[in-house]
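K.L.:
I would like the atomic coordinates for the input below:
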Amino acid sequence: MKMHPVKVHPSKALLAREDQLAWKMAGVATDKVAVPKDTAGMIINRIIDNASVAIAAINRRPVVSARGMALGHMKKAGGATVFGVKSGQTVSPEWAAWANGTAVRELDMHDTFLAADYSHPGDNIPPVLAVAQAMGRSGRDLVRGLATAYELHIDLVKSICLHEHRVDHIAHLCPAAAAGIGTLLGLKQEVVFQSIQQALHTSVSFRQSRKGEISSWKAYAPAHAGKLAVEAVDRCMRGEGAPSPIYEGEDSVIAWVLSGRTQADSQGRKTVFDPVYYEVPLPEAGEPKRAILDSYTKEHSAEYQSQALIDLAFRMREQIQDMEAIEKIVIHTSHHTHYVIGTGANDPQKMDPKASRETLDHSIMYIFAVALQDGRWHHVDSYAPKRAGRADTVRLWHKIETTEDPEWTAKYHSRDPEVLAFGGRVEILMKDGSKLVDELGVANAHPNGARPFGREEYINKFRILTEGIITTREQNRFLELVQDLPKLTAEELAGLNVVLPAGTLADAKPGIF
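P.N.:
Model (predicted):
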């Protein structure tokens with residue numbers, strides 16, 4: 001890996017494109033280096049993972065709405081499949097990316113990577129797969145495209161923090177997806193360069209989607225980014241350009257939205273050209289793309305920072321005979337966990353039994369209370385309104401608070417994979433004055449956890465989440481097909497979809513499309 005310093009340059013400097021981050025990213029995308037076997041294997045795992053959570057959410061309202069919109073853009077030929085819909089019925093690829101991306105994101109249960117920023121790199125799969133199907137590409141082409149998308153997405157997340165500037169994390173997803181599509185299609189570096197810049201320019205939005213009363217836009221946001229990526233590449237393939245330099249320019253995203261804005265606000269706009277703001281790691285020419293192996297999936301349907309704490313709640317409940325005997329629970333955790341899903345967010349909705357599911361899965365207080373009481377976590381039952389409103393749960397829930405612990409913040413940001421951790425230490429104070437204390441750094445399903453996920457666990461997750469929704473025959477067909485991904489022809493790749501039995505897909509309310 002080579003580190004690439006990124007700073008803001010005045011327009012008169014005429015920064016050469018070879019010195020621009022977007023050009024260097026396009027160079028990674030167009031490098032014809034072979035995909036390692038373990039990278040390809042993990043790509044298969046994540047396609048299985050995406051299908052699992054998408055089918056489990058298939059008839060939830062946001063997914064139904066997104067699917068209805070997509071089906072308003074059907075193609076007679078050259079289209080892409082939509083989760084649940086028979087494979088012969090295809091839609092324009094940007095709308096397949098929209099519908100499938102929403103389905104994947106709805107339950108908040110697919111893969112994750114956390115570093116300087118946060119991400120769900122599996123959100124790259126719907127747009128890249130949709131274009132692969134629409135353009136008649138092979139399974140091998142898809143593997144190459146997804147290796148690029150994961151690599152660049154994770155490299156950006158390792159180095160450029162968006163959330164401190166209240167920018168939503170899809171601003172890293174969209175350029176990565178565009179680059180992945182560029183690799184898939186074998187586009188020239190110039191075209192990929194312009195596509196990356198267009199993708200970033202059109203995808204900067206703000207984190208209000210994850211604050212206050214969280215709505216269905218949390219699921220739509222990455223799907224929208226995927227749709228934008230497809231459209232950006234389409235325009236640039238036709239010879240169109242993009243705002244440039246999109247990262248380093250005088251009026252760029254960095255200069256006016258990210259760390260350049262912070263610099264200007266504190267030291268004056270004239271100083272914005274002085275600092276190096278970011279050091280972005282990128283593979284050198286000929287270096288294999290392996291970043292997907294740094295990411296991890298979720299065993300439980302909740303924000304990733306809650307995964308280890310759910311497992312810890314399961315463990316601690318064995319020592320508690322009477323939940324009503326609890327006086328107070330304090331979760332000592334990282335800055336991010338405290339301020340995004342903890343009491344540090346100062347969101348009253350996170351303590352509200354009538355809050356939306358999207359809000360509850362971003363409340364570690366609610367999540368820990370239910371996990372402690374139930375000793376299990378279910379993607380539907382654990383969020384049911386009746387479950388959230390249970391009087392004894394509300395009492396326990398409101399006894400829980402979080403606090404930032406510098407030790408856990410340091411672990412969260414560590415670059416050492418053996419130190420990196422997203423959990424916390426929990427103190428349960430009992431009314432008789434006794435105290436239970438325990439801690440867990442990583443979830444059981446994490447690569448460093450007690451029960452790391454491998455192919456068997458991904459397949460088991462798929463079977464559990466799709467049970468009763470699709471037939472056993474369809475489960476087996478999909479699993480057999482996807483595990484042969486690198487050898488699939490274009491015709492076979494067109495069938496890489498999961499289809500529900502006739503008559504079981506919910507219909508969307510009417511709209512414009």
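
K.L.:
Next one: the nearest residue to Gln89 once chain neighbours are set aside from Ile181, what distance?
P.N.:
Among residues not flanking Gln89 along the chain, Met74 sits closest, at 6.9 Å (Cβ to Cβ, 6 or more residues apart in numbering). Backbone N, C-alpha and C define where each C-beta goes, glycine included. Counting by Cβ to Cβ, to the nearest Å, the gap from Met74 to Ile181 is 21 Å.

K.L.:
which other helices and strands contact the host helix or strand of Asp155?
P.N.:
Taking DSSP states H and E as the criterion, Asp155 maps to helix 139-159. Judged by 3 or more Cβ pairs under 8 Å, 6 or more residues apart in numbering; DSSP states H and E, helix 139-159 is in contact with helix 21-30, helix 37-56, strand 113-114, strand 118-119, helix 125-134, helix 170-185, strand 276-282, helix 490-493.

K.L.:
Dump the C-alpha coordinates for the last one into CSV.
P.N.:
It stands for helix 490-493. The C-alpha trace of helix 490-493 is given here as CSV (Å, rounded to 0.1, in the frame of the first residue of the first chain):
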residue,chain,number,x,y,z
ALA,A,490,-23.2,-13.9,-18.6
GLU,A,491,-26.4,-16.0,-19.1
GLU,A,492,-25.9,-17.7,-15.7
LEU,A,493,-25.2,-14.4,-14.0
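
K.L.:
Which other helices and strands does it contact?
P.N.:
Counting by 3+ Cβ pairs under 8 Å, 6+ apart, helix 490-493 packs on helix 139-159.

K.L.:
next one: the fourth one
P.N.:
For strand 118-119, the contact count by 3+ Cβ pairs under 8 Å, 6+ apart identifies helix 139-159 as packing neighbours.

K.L.:
can you state the direction angle for the helix it packs on and helix 170-185?
P.N.:
On the basis of axes from the mean of the first three to the mean of the last three Cα atoms, to 10 degrees, helix 139-159 is oriented at 150 degrees to helix 170-185.

K.L.:
what about the chain, any weak spots by pLDDT?
P.N.:
For the chain, the stretches with pLDDT under 70 are 210-214.

K.L.:
Residue nearest the middle of it, spatially speaking?
P.N.:
Nearest residue to the geometric centre of the chain (Cα atoms, centre = their mean): His120, 1.5 Å.

K.L.:
ok, for Gly389, nearest residue in space, not its chain neighbours?
P.N.:
Pro353 (4.4 Å).

K.L.:
what's the neighbour count on the one you found?
P.N.:
17 (other Cβ atoms under 10 Å).

K.L.:
mind listing what it touches?
P.N.:
Counting by Cβ atoms under 8 Å, 6 or more residues apart in numbering, Pro353 touches Ala388, Gly389, Thr393, Val394.

K.L.:
Which of the three states applies to Val437?
P.N.:
strand (DSSP: H, G, I helix; E, B strand; the rest coil).

K.L.:
ok, the residue nearest to His300 when sequence neighbours are not counted - contacts?
P.N.:
Spatial nearest neighbour of His300, excluding adjacent residues (Cβ to Cβ, 6+ apart): Trp377 at 4.4 Å. The contact partners of Trp377, by Cβ under 8 Å, 6+ apart, come to His300, Ser301, Ala302, Ile310, Val370, Ala371.

K.L.:
With distance to Ala13, neighbour count and secondary structure added, can I get the residues you listed in a markdown table?
P.N.:
Compiled in a markdown table, the contacts of Trp377 are given as follows (distance: Cβ to Cβ, whole Å; neighbours: other Cβ atoms under 10 Å; DSSP: H, G, I helix; E, B strand; the rest coil):
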| residue | distance to Ala13 | neighbour count | secondary structure |
| --- | --- | --- | --- |
| His300 | 49 | 26 | coil |
| Ser301 | 48 | 24 | coil |
| Ala302 | 46 | 28 | coil |
| Ile310 | 50 | 26 | helix |
| Val370 | 55 | 26 | helix |
| Ala371 | 54 | 24 | helix |
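
K.L.:
From the residues you listed, pick the one nearest Met237.
P.N.:
Ser301 (37.5 Å; Cβ to Cβ).

K.L.:
surely the closest one meets Leu107?
P.N.:
Yes. With contact defined as Cβ atoms under 8 Å, Ser301 and Leu107 form a contacting pair (4.8 Å).

K.L.:
Overlap of the contact sets of these two?
P.N.:
Counting by Cβ under 8 Å, 6+ apart, the residues touching both Ser301 and Leu107 are Val53, His379.

K.L.:
State the distance from Gln133 to Lys227.
P.N.:
15 Å.

K.L.:
Neighbour count: these two, which is higher?
P.N.:
Between Gln133 and Lys227, Lys227 has the larger neighbour count (other Cβ under 10 Å), namely 28 against 24.

K.L.:
Pretty sure the more buried one sits against Trp95.
P.N.:
Yes. With contact defined as Cβ under 8 Å, Lys227 reaches Trp95; the gap is 7.2 Å.

K.L.:
All set, thanks.
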